[in-house]
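Colleague: based on what follows, work out the 3D shape:
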Amino acid sequence: MNNLLVTCNHLSNEIDSFDKELSSFNVRVPDDNPQTIKDESMKLLLKDVDIAIIGDDIINQVALSEANKLKHVIKWGVGFDNVELDSLKNRNISFYHTPGVFSDEVADLALGFLLSIERGIHITDVNVRNGIWGPFKGRTLRNKVAGIIGLGSIGCAINDRLLGFGVKTIGHDPYIEPVSIEKVDLDILLTKSDYIFIACNMSDENKELINSETLEKIKEGSVIINISRGGLINENDLIDSINSGKIRSVGLDVFNLEPPNPEIFLGQSSVFGSHGGSSTVEAVHKINKATITLARRILEGASYLDLPVKKIT
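Modeller: Numbering: from 1, shown residues only. Okay, the predicted model is just below:
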């Protein structure tokens, strides 16, 4: 019987509900299962495993060094900056992920951050619960300018929602030609935007895209919302910009270190999440089912072209 390792929390938490689909596998779930498993721990877990469904866990040469039976790695989710693709290729291990599946969920959260920041919903809630009555003096969204960095499915979904609030949008993406948003250079986006949404994938090319140099160009009193990857922002530089007043507020669902350094909890009506943009009942069930079905079809040698997955290597 083939050994299937499941380290993604979303799936491992519901693994018992898929007993029938997983009857052909010997399923392994770590007893200690943090959001990100480091490479040394993954090395132990991957030993004698045929297929792995992972989350944000580290897959590199160290993690794969004793994975002599491993043939397929399935990433539960979209981003895979935690995975060394060359290391997988060198071992002839196939890699899959689930692109474009969380566009609505992540875009909804991004707009939720913006509404909370500008209308102080979270602040008013706490005040009312504590017997403090009085309105939060917020800001109107209509006619503001939002710059969206990354114009894939999530960036476009954010754009669609912003237009509904009367927000003017511009975007930046060196790889995609959008059809419904004005595309501008990054410097123009930074200087014109009241709100900056970071919705791009992270790579070696754009790591710490938001740093002291780019922050200097940003419009005074702007808001930054990051629902992509924490490594796209130099957090020390961001802290300096918030303390100086250059950046008024932030909405951060992702961080360099998770859980984050509390020093980042700054800014007027800022909002912070726990890397949960994809975490809705419907989305989690959909991708749980898709990744398990993919694993089963791989084992059976059956087609998976109808599933929301993409093979990378």
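
Colleague: would you map the helices across the stretch 51-200 of the chain?
Modeller: 61-64, 85-90, 103-119, 121-129, 153-164, 186-192 (DSSP state H, counting those that start in this stretch).

Colleague: can you add mean pLDDT and mean neighbour count and give those back as JSON lines?
Modeller: Just so you know, the C-beta spots here come from the backbone N, C-alpha and C atoms, and that holds for glycine as well. As requested, the helices of the stretch 51-200 of the chain are exported to JSON lines (pLDDT from 0 to 100; neighbours: other C-beta atoms under 10 Å):
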{"stretch": "helix 61-64", "mean pLDDT": "97", "mean neighbour count": "19"}
{"stretch": "helix 85-90", "mean pLDDT": "96", "mean neighbour count": "15"}
{"stretch": "helix 103-119", "mean pLDDT": "98", "mean neighbour count": "22"}
{"stretch": "helix 121-129", "mean pLDDT": "97", "mean neighbour count": "14"}
{"stretch": "helix 153-164", "mean pLDDT": "96", "mean neighbour count": "21"}
{"stretch": "helix 186-192", "mean pLDDT": "98", "mean neighbour count": "17"}
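
Colleague: return the residues in contact with the spatially most central residue of the chain.
Modeller: With distances taken as C-alpha atoms, centre = their mean, the residue of the chain nearest its centroid is Ser228 (4.2 Å). By C-beta atoms under 8 Å, 6 or more residues apart in numbering, the contact set of Ser228 is 79, 150, 154, 198-202, 254.

Colleague: quick one: low-confidence parts of this protein?
Modeller: Along the chain, the parts satisfying pLDDT under 70 run over 178.

Colleague: again, only this time at 80
Modeller: 178-179 (pLDDT under 80).

Colleague: domain ranges for it?
Modeller: Annotated domains of the chain cover 2-101+280-311, 103-272 [automatic domain parsing].

Colleague: before we move on, the earlier item: partners of the closest residue in space to the residue nearest to the centre of the chain that isn't next to it in sequence in the sheet?
Modeller: In space, and not counting its chain neighbours, Ser228 is closest to Ile198: 5.1 Å by C-beta to C-beta, 6 or more residues apart in numbering. For Ile198, the beta-bridge partners are Ile149, Asn226 (DSSP bridges).

Colleague: show me what contacts Ile198?
Modeller: 149-150, 209-210, 224-228, 232-233.

Colleague: at 6 Å what do you get?
Modeller: Ile198 sits next to 149, 226, 228, 232 when contact means C-beta atoms under 6 Å, 6 or more residues apart in numbering.

Colleague: distance to Gly134 for these - can I get that in CSV?
Modeller: Below are the contacts of Ile198 laid out as CSV (distance: C-beta to C-beta, whole Å):
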residue, distance to Gly134
Ile149, 36
Asn226, 31
Ser228, 35
Leu232, 37
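
Colleague: please enumerate the strands of this structure.
Modeller: Per DSSP state E, the chain carries strands over the ranges 2-6, 25-28, 51-54, 72-75, 94-97, 145-149, 168-172, 182-183, 195-198, 222-226, 247-252, 271-272, 310-311.

Colleague: most neighbours among the contacts of Ile198, which one?
Modeller: Ser228 (29 neighbours; other C-beta atoms under 10 Å).

Colleague: still on that earlier bit, the strands of the chain: which one's closest to Ile117?
Modeller: Closest to Ile117 of these is strand 247-252 (C-beta to C-beta; 4.7 Å).

Colleague: and that closest one, what does it pack onto?
Modeller: The contact analysis (3 or more C-beta pairs under 6 Å, 6 or more residues apart in numbering; DSSP states H and E) places strand 247-252 against helix 103-119, strand 222-226.

Colleague: got these as a markdown table, with distance to Leu141 columns?
Modeller: Formatted as a markdown table, the helices and strands packed on strand 247-252 follow (distance: least, C-beta to C-beta, whole Å):
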| stretch | distance to Leu141 |
| --- | --- |
| helix 103-119 | 6 |
| strand 222-226 | 11 |
